[in-house]
Structures are given as C-alpha cells and as structure tokens.
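Asker: Mind looking at a prediction? Sequence and model below.
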Amino acid sequence: MRSMLLRFGRPSGRDGGFRRLTFQRQLSILFSLGVLCMALLASVASSWLGGRQVKETMMKQSAGAASSLASQSTLALLSASADNAAEAMRATLALPGVLGVGLHKADGRPLASRGQAPSIQPDQHWEDARPSEAFVEAETDETWQFIAPVWTKPAATPFDVVESSPEFLGYVRVVHSKAALTAAMANIFFVNLLSSFFFAGVFLLLVRVLAKRLTRPLTDLADAMTRAERGEANVRAEVDGPQDLRVMAQVFNSMIAVLQERGDELAGHRDRLEELVRKRTQELHTAKDRAEVANQAKSAFLARMSHELRTPLNAILGYAQLLKMDRSLGERQLHGVETIHSSGEHLLMLIVDILDLSQIEAGKTELHPSPLQLQPFLRGIVDIVRIRVEEKRLGFDLRCDAGLPAAVLVDEKRLRQVLLNLLSNAIKFTEAGQVSLAVALLTDDAGATETALGRVRLRFEVSDTGAGIAQNEVARIFEPFEQAGDARSRAAGTGLGLAICRQLVRLMGGEVLVDSVLQQGSRFWFDLTLPVQEVSQPPASTSALSDDIQGYEGARRKVLVVDDVAANRTMLVDMLSGLGFQTLEAGNGQQALAQVRAEAPDLVLMDQAMPMMDGQQATRLLRQTYAPRSLPILALSANASAQDREQALAAGANAFLVKPVMRAALLTEIGQCLGLTWVSHDQNL
C-alpha cells in the first residue's frame, strides 16, 4: 500500500519537482505544453505560407508596375526625351511601396530617374539575354529592384516582304519597398498566433475538465491510501471512474478488508498475549519475592547457625591449642587433644563450606584479585598437604614449567581453597601410590605463551593413583552433597568440596574438568587466563608462628578482652596470660569503655555481637578519643561474611579475625599492632 501511495502522490526525496506534483497536475502540464507547442508551430507554418503568398502577389504587382512604365516609355526612348515619360514616371512613383524609378537607354545610360536610387550596383549581364518580360534584378532586406525591357512593336503591312523584328530601345528600373510585406507577414503571424492560442486555451479547458474527471478516482484512491497509512480504521475507496480505476479501487478495498481482519486478529492475540505476560510477570514477581524471602531466610539462618556454632568452637579450638602446648601431657593425652582439635577443625570446615556454597548460589561471592607470586604460593600449598601425605606414606610430586611468570593477578584465597580441596580429595581416595600437583604454561596456536595484553594461560592439574571414579558417577560428583567411592570414603566428607570448586573456578573464568579410570586414578584440571604482574620486592613471610611461642621481649603489655560469652573470655585470657600479657575483661561495650578509661590498656580484643552495646558501637566511641595507633582494636566475630568485615573495619578496627580464633593468626595481628618480638621455647633454652 505504501509503495502505491508513494507512486501516486508521495514520491521519495530523490525524485524531481515534477514528480512531486499530483497526477492531475502532471497531466495538465503535459497537455498544456503539447498544445502550446502545436499552436506555436501552427502559427509559424501558417504565417510562413501566408507571407509567401503575399510576397508573390506583391512581386507580381511590382513587376506589373514596371511593365506598365516600360510600355509608356517607348516614345521617350525613341525620341531620347525624358519629358515624354515624366508623367508615367510620376504615376509609377505614386504607387504604394515604389521608392524610385529610372529610365535607361539600350546602352545602359540613364535617361531619367526619380526617387530612391538603386541600393545595389546594377548587373548588366541580363542585357545579353534581353528578356521580354519584367524581372527582379536584385533584392535586399528592404527592397526589390525590378527591370522591365522596352521593345518596339512594328506593325505588319501588306507591303513588307520580310517580317520586321522588335527593336530593344532600353529598360526601366523600379525600386520597390518590402515594408508592406513585413507588416503584412507580422499581422498574419500575430493573427494566426492569437487564433491558435485561443483555440488552445479552449482545448486546454476541455482537457482540464476531462483530466479532473479522469483523475478524481485516482485522487480519491490516493487519499484513501493516505488515511489508511495514518492508521484510520474502516477506510474504503469509492468505486468510480474508468474500468481500470474501478478495478484498482475494488482491489484496494479488498486488501484493506483483509488487513483489517488480520489486524483485528493480531490485536486479539496481542491482548491475550499481554494478559498472559502480565499474569506470568506477576507470577514471576511473586516467585521472585518468595525466592528472595526464602534466600534471605536461608542466609539469616545460616549466618545465625554459623554464629552459634563458631561461638562454642572458639572455646573448644582455643583450649585445644593451649593443651597442645602443654609439654606435661602424655602421649595418650596429647593424642586426645589432637583428636579434639582435628574434629573441631573438621566441623569448622563444614561450616565454611556450607556458607561458601550458600553465598555462591545467592550470587554474593566476589573475587578479590591481588598480585600473587606463584613459587612461594605453591610451596605453601605443598607444606600444608605434606603432613597428610606422609601420614598415608604416599609419594608427592610438584611439577612447574620453567617458563612460569614470577607473579600473576588472582584471588589468592579462592585459588588456594580450590587447590587444597582437590589435593585433599586426591589424598583421601589414594591408599597407595602418588599424588601430584602440576602447573603448566599453555601456548596459543602460534606458539606464544603471553598475549598482547600481558596475560598468560595456566593449567593447574591434580592427579592421583587412587581408586578412580566410575564413568556413571563423574557427572554427579560436582553436585552438592554428592560423593563417589565406597561407603567408608563417602563418610569422611560432606560432598560440598567439588561443587564449591567448580563454582569458584567458573567465577575466575575457567572450568574444572576430570578424567578418571576406575582403580587406576583420577586427574582434575582447570585453565585460567591471568594478567602477568611485575615483582618489585620479595614477598613478606606469611608462615604461621610456631606453636612453641612462650612470650615476647620488652615491657609487659595490657590487653582488654571484650566478649559476652565467659568461656570465650576465659580462653583468650588463659592464652594471653601464658605469654606474659596483663589481661582485663569486659562483658559488653559499656564495660569496655569503662575499662579503657580506668586501666588504659595497650590493645583491645573486641567481640562484635554483644548485648546492651555491641562491638562496632563501642569501637566508634573509642575512635572519637583514641587513634588506631594509640589504641589498636582487633575485631573478633563469629559472623564471617565480607559485609561484617567491612563494617568492623569501617567502625575503626585495625584488623578483623573470624571465630574460632586461631592462636597463630591472633598472635600475628597482636605482634603487628604492638610491634612485638616473640620469644620461642627454643630461644629460652
């Protein structure tokens, strides 16, 4: 429809001005130009024919006047007296258009002349021929010059033996003006032109009336198309005019009817679809709200459970660490303490895994990349797993490509968590043989190991010679709470490790893959593309303090322990008192403020969740008086989320430790805040 509209009434911008006009105007202009051209041509042709006839008539008249003068000049030439032809010359000169007359002898000498002299030098060649009739001697744009010969006419007598011949006496020259011819031709042209334009105007008027009648159906059809294009409903074209236009109008009406029917159907479908979308959107919003409420409830429940489980674990693991330092314990007693400590760590790992999986599923896990030196990092991984490897008397192999970069940008905590989990599984399911960790530098198709953006692709691979995994179990081992292997090995884990590993590796841009053969071993690997980092200085030592720390050098320091749980306070007091610290206790934030004002401690261990006044509020009040260096505050919390850490640090804490508090981590932070030099048992010896 739109193309038809453009064709009849709305041409594109590339068309000329003529095509922008309506069909009626185009038709009128074409007919007008054609009729005017025909009228002009007809006028010119008629004027040319009329002028030719007038010219022939005037030339005959002029030739007749010259012949008449010649017949009256015979006596003057015979007598060589101009007076005998004076009257005839005056009469000829008085004729309309005659400008001048002349009488010449046979030898061409003038006998008499009156009026205008000839404008063209006479041509005497005609004298040899001596014509008998008048003729045009010369012609200019303004005049004709006629010559009429004068002959004697001898009369026949009965006495003549030989017939006498005419004698050439001379000739007359008549100069005749063309002004009358020019005026006559102009009159003829203008009369013909006016007549032609008059009849052309009448014809154009009739053509306009006819064109209007012919184009009215087209105009009505174009108008109907325009209204249809604007979106008007129930548009119909009037069926009128010639047969072709009637057919076009009928086809247009049929097309509009079909389009309107389809439009009504589409509108109905659209309304039903909008209603369906609205219902589904409402259902999705409801489901989303319910899912968010359930997710918040689950997160709140897990956070609460984490807090409730970490609080008693803090005392259990704390005292287990203190008892392990007691050198008076027997071997059986020390084994029992080790069992308590390892069981507590296992329970803590279970709590951490559940929280990690919950945060990953909720999309709340974020990566925190930092420069990591690969060789020290990998050696630390080996040191952690070496004890378990040696306990099971397994072989362990660390293989690193020679071209590994010194440092890369990666989340160290999450990469360590993934590698330790894979290595722990490999050790757990291997009873004999070897466990290996390999880090390889991958190359691209061109053999390059580093891209133009300064990135490398590393493959981390953990392999073992253990029990292996059946092919029908490979797909489900990455599901939460799913495990492979026999009942004994399954009972030793939670089934969350591989699920967490896969999600963490995906966050880092890789994918955990597995290749395993039952009773031959398994191979887990993943590839990461990591930015290369420059190493400006050797890494600071991150090794934990030894378990035989007995004290510190220098004056005794005073530490305030703030916790609403008495068992936690007692455990920390016992841990610090054994190292030579003076300890103070407070059960909430208000008591802590009072103790700081009264006793001026050197450092505060501040629990975060307490009644009456929590740790964050107490920390903010202390920071109004004490700067972080003058009174260091270590925040302790059983809530291990990143948000809790950020809030504690924002309130003014120097550092944040998660319960259960590990002795080595606590002493490291205390040593950094107070600038202590630790003394071990070996040094005392």
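Answerer: Cool, got the structure.
Asker: Tell me where the stretch 551-685 of the chain has helices.
Answerer: Assigned by DSSP state H, counting those that start in this stretch, the helices in the stretch 551-685 of the chain fall at 566-577, 589-599, 615-623, 642-651, 663-674, 681-684.
Asker: And the first one, what's buried?
Answerer: Neighbour counts using 16 or more other CB atoms under 10 Å place 568-573, 575-576 of helix 566-577 among the buried residues. In short, each C-beta sits where N, CA and C put it, glycine included.
Asker: related to what we said a few turns ago, what's the most buried one of the helices of the stretch 551-685 of the chain?
Answerer: helix 615-623 (a mean of 21; mean count of other CB atoms under 10 Å).
Asker: That one - contacts with which helices or strands?
Answerer: Secondary-structure packing of helix 615-623 (3 or more CB pairs under 8 Å, 6 or more residues apart in numbering; DSSP states H and E): helix 589-599, strand 603-607, strand 633-637, helix 642-651.
Asker: Using CSV, write out the CA atom coordinates for it.
Answerer: Taking C-alpha atoms only, helix 615-623 is exported to CSV below (Å, rounded to 0.1, in the frame of the first residue of the first chain):
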residue,chain,number,x,y,z
GLY,A,615,31.5,-4.0,69.5
GLN,A,616,31.0,-1.7,66.5
GLN,A,617,29.3,1.0,68.5
ALA,A,618,32.0,0.7,71.2
THR,A,619,34.7,0.9,68.6
ARG,A,620,33.3,4.0,67.1
LEU,A,621,33.1,5.7,70.5
LEU,A,622,36.7,4.7,71.3
ARG,A,623,37.8,6.1,68.0
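Asker: Pull the residues that contact that helix.
Answerer: By CB atoms under 8 Å, 6 or more residues apart in numbering, the residues outside helix 615-623 that reach it are 562, 589-590, 592-593, 596, 604, 606-609, 631, 633, 635-637, 647-648, 651-653.
Asker: what pLDDT, on average, does that helix get?
Answerer: Averaged over helix 615-623, pLDDT sits at 92.
Asker: between it and strand 633-637, what angle do the directions make?
Answerer: With axes from the mean of the first three to the mean of the last three CA atoms, to 10 degrees as the basis, helix 615-623 and strand 633-637 are set at 170 degrees to each other.
Asker: Just want the angle from helix 615-623 to helix 589-599.
Answerer: Using the same axes, to 10 degrees: helix 615-623 against helix 589-599 is 30 degrees.
Asker: I'd like to know which elements the longest helix along the chain is packed against.
Answerer: Using DSSP state H to define each element, the chain has its longest helix at helix 243-324. Judged by 3+ CB pairs under 8 Å, 6+ apart, the packing partners of helix 243-324 are helix 179-229, helix 331-361, helix 566-577, helix 663-674.
Asker: okay, the last one in PDB with CA atoms only?
Answerer: By that I understand helix 663-674. Extracted in PDB, the C-alpha atoms of helix 663-674 (Å, rounded to 0.1, in the frame of the first residue of the first chain):
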ATOM      1  CA  ARG A 663      46.300 -18.800  68.000                       C
ATOM      2  CA  ALA A 664      48.900 -18.200  65.300                       C
ATOM      3  CA  ALA A 665      46.700 -15.700  63.400                       C
ATOM      4  CA  LEU A 666      45.900 -13.900  66.700                       C
ATOM      5  CA  LEU A 667      49.500 -13.600  67.800                       C
ATOM      6  CA  THR A 668      50.500 -12.400  64.300                       C
ATOM      7  CA  GLU A 669      48.000  -9.500  64.500                       C
ATOM      8  CA  ILE A 670      48.900  -8.600  68.100                       C
ATOM      9  CA  GLY A 671      52.600  -8.600  67.100                       C
ATOM     10  CA  GLN A 672      52.000  -6.300  64.200                       C
ATOM     11  CA  CYS A 673      49.800  -3.900  66.200                       C
ATOM     12  CA  LEU A 674      52.100  -3.700  69.200                       C
END
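Asker: domains of the chain?
Answerer: The chain breaks down into these domains under automatic domain parsing: 368-533, 547-684.
Asker: Mind checking those domains for the one nearest to Val101?
Answerer: Taking CB to CB, domain 368-533 is the member of those nearest to Val101, at 111.8 Å.
Asker: sec struct for Leu372, please.
Answerer: strand (DSSP: H, G, I helix; E, B strand; the rest coil).
Asker: oh, and call the first residue 32 from now on, that's how I've got it
Answerer: Got it, the first residue is 32 from now on, which makes the last one we talked about Leu403.
Asker: Assess the claim that it and Leu440 are in contact.
Answerer: Yes. Assessed by CB atoms under 8 Å, Leu403 is found in contact with Leu440 at 7.3 Å.
Asker: So for those two, which sits in the more crowded spot?
Answerer: Taking other CB atoms under 10 Å, Leu403 and Leu440 do not tie; Leu403 has more neighbours (18 against 15).
Asker: how about the nearest residue to the more buried one once chain neighbours are set aside, what does it touch?
Answerer: The shortest distance from Leu403 to any residue other than its chain neighbours is 4.9 Å, reached at Glu443 (CB to CB, 6 or more residues apart in numbering). Listed by CB under 8 Å, 6+ apart, the contact partners of Glu443 are 401, 403, 408.
Asker: excluding its backbone neighbours, what's nearest the last one?
Answerer: The shortest distance from Phe408 to any residue other than its chain neighbours is 6.8 Å, reached at Glu443 (CB to CB, 6+ apart).
Asker: and the gap between that neighbour and Arg311?
Answerer: Separation of Glu443 from Arg311 (CB to CB, to the nearest Å): 44 Å.
Asker: hang on, the earlier thing: Ala457: which of the helices and strands packed on helix 646-654 is closest?
Answerer: Among those, helix 673-682 sits nearest to Ala457 (CB to CB), with 29.7 Å.
Asker: so what secondary structure elements neighbour that closest one?
Answerer: Here helix 673-682 touches helix 646-654, strand 664-668, strand 686-689, going by 3+ CB pairs under 8 Å, 6+ apart.
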